[in-house]
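> Can you look at this prediction? I've put the sequence above it.
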Amino acid sequence: MKVLIAYVSRTGNTEKMAQYMAEGVRFAGHEPVLKKVSDIKKPEDLQGYDAYLFGCPTYHRDMTQSMKTFLFLAQGAGLEGKPGGAFGSYTHSGDAPKYIYDTMEHVFKMRMTNLGSFNLEEHKINTPDGIRACQDYARTVAEMLNN
Ligand SMILES: Cc1cc2nc3c(=O)[nH]c(=O)nc-3n(C[C@H](O)[C@H](O)[C@H](O)COP(=O)(O)O)c2cc1C
């Protein structure tokens, strides 16, 4: 089955996380598709996937404007009941993934894991533990498709 990993990244950290997430999806036996949210133009672009991971770094204690615009678009995509997760890179407060996860759970009514959102401090991303944490998070979301 196909898992969409849609992300925002200004300086490449969350993008790196997205790439490790893709590996975790493969470990669960599914096919990851990586896309920048700026390449998703209409709700139909979100169709044809079985689970969704949304990634966004925290800037100014918030998600980026591009992620907010994307979430308004995703509202019309019929994601109800689909497995989902949210992740992002940060340095000190890491707010964005929590807010995105919250929207996926309460507004889109997606099927979320009990892991909550996933924040990773930017200096940990390219460490063995950081890589494994990204892979494990995505694998857990993708494995919901096996149940
Ligand atoms: C202007 C600016 C504001 C930031 N604000 C926050 C913040 O409020 N909270 C936080 O945890 N990190 C903050 N950061 C750190 C970024 O989240 C961090 O550098 C992250 O790794 C960037 O990810 P990206 O490479 O995917 O864009 C800020 C960084 C910049 C440059």
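The structure has been received and is ready for your questions.

> Just want the phi and psi numbers for the spatially most central residue of the chain.
Centroid check for the chain by C-alpha atoms, centre = their mean gives Phe54 as the closest residue, at 2.4 Å. The phi/psi pair for Phe54 (degrees, to the nearest 10) reads phi -110, psi 130.

> what do you get for Tyr52?
According to degrees, to the nearest 10, Tyr52 has phi -140, psi 130.

> now swap in Lys82 and tell me
The phi/psi pair for Lys82 (degrees, to the nearest 10) is phi -80, psi 140.

> what about it, distance to the ligand?
24 Å (C-beta to the nearest ligand atom, to the nearest Å). Bear in mind the C-beta positions are built from the backbone N, C-alpha and C, glycine included.

> and the closest residue to that residue other than its chain neighbours, how many residues sit next to it?
Spatially, and ignoring its direct neighbours in sequence, Lys82 is nearest to Met110 (5.3 Å; C-beta to C-beta, 6 or more residues apart in numbering). As a burial measure, Met110 scores 20 neighbours (other C-beta atoms under 10 Å).

> So Met110 sits against Gly81, correct?
Yes: at 6.9 Å, Met110 and Gly81 qualify as touching, with contact defined as C-beta atoms under 8 Å.

> Which stretches in this protein count as helices?
13-27, 65-74, 96-106, 128-143 (DSSP state H).

> mind checking the longest strand of this structure?
strand 83-90 (DSSP state E).

> Give me the sheet partners of that one and which way each runs.
strand 51-55 (parallel), strand 111-112 (parallel), strand 118-121 (parallel) (DSSP bridges).

> what's the angle from it to helix 13-27?
150 degrees (axes from the mean of the first three to the mean of the last three C-alpha atoms, to 10 degrees).

> I would like the residues contacting stretch 100-120, please.
17, 52, 54, 56, 58, 63, 67, 71, 74-75, 79-90, 94, 97-98, 130, 133-134, 137, 140-141, 144 (C-beta atoms under 8 Å, 6 or more residues apart in numbering).

> wait, does it contact the ligand?
No: using C-beta under 6 Å from any ligand atom, we find that stretch 100-120 stays clear of the ligand, coming within 8.0 Å at best.

> Repeat that for stretch 24-41.
No: shown here: stretch 24-41 not in contact with the ligand (C-beta under 6 Å from any ligand atom), separated by at least 11.1 Å.
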